[in-house]
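A.B. asks: Give me the fold of what follows.
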Amino acid sequence: MKLYPNPATTIINFEINQHTNDRIYDLIVYNFLGKKMELLKGVGSRTTVNVDNYYNGLYIFQLRDQRGNLVESGKFNVFK
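C.D. replies: This next block holds a predicted model:
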């Protein structure tokens, strides 16, 4: 998975580098304390998340398939 810009200021873009672009995923974003910030269902190969309401700091994302299996996870920073 590719995400940019990192650190993010207003938005962050996620690009899923899977071989099959027709697959659908759920993207979940947590703050560093474990609070769920976003749950985006039915995400395709590209999506953008608005981080205007996020505080400065480290965030964790999870990409899950439709069965709930973890496909990928990682982190990104928000800096304003």
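A.B. asks: Now the residue nearest the centre of the chain. Nearest residue, chain neighbours left out?
C.D. replies: Note on the chain: the residue nearest the mean C-alpha position is residue 61, at 4.7 Å, using CA atoms, centre = their mean. Counting by CB to CB, 6 or more residues apart in numbering, residue 61 lies nearest to residue 29, which is 5.1 Å off, once chain neighbours are set aside. C-betas here are computed from N, CA, C, even on glycine.
A.B. asks: quick one, what contacts that neighbour?
C.D. replies: 36, 37, 38, 49, 59, 60, 61 (CB atoms under 8 Å, 6 or more residues apart in numbering).
A.B. asks: What of residue 9?
C.D. replies: Here residue 9 is in contact with 51, 78, 79, 80 (CB under 8 Å, 6+ apart).
A.B. asks: Just the ones in strands from those, please.
C.D. replies: residue 78 (DSSP state E).
A.B. asks: Nearest to residue 12 among the contacts of residue 9?
C.D. replies: Of all the contacts of residue 9, residue 12 sits closest to residue 51, with 5.8 Å by CB to CB.
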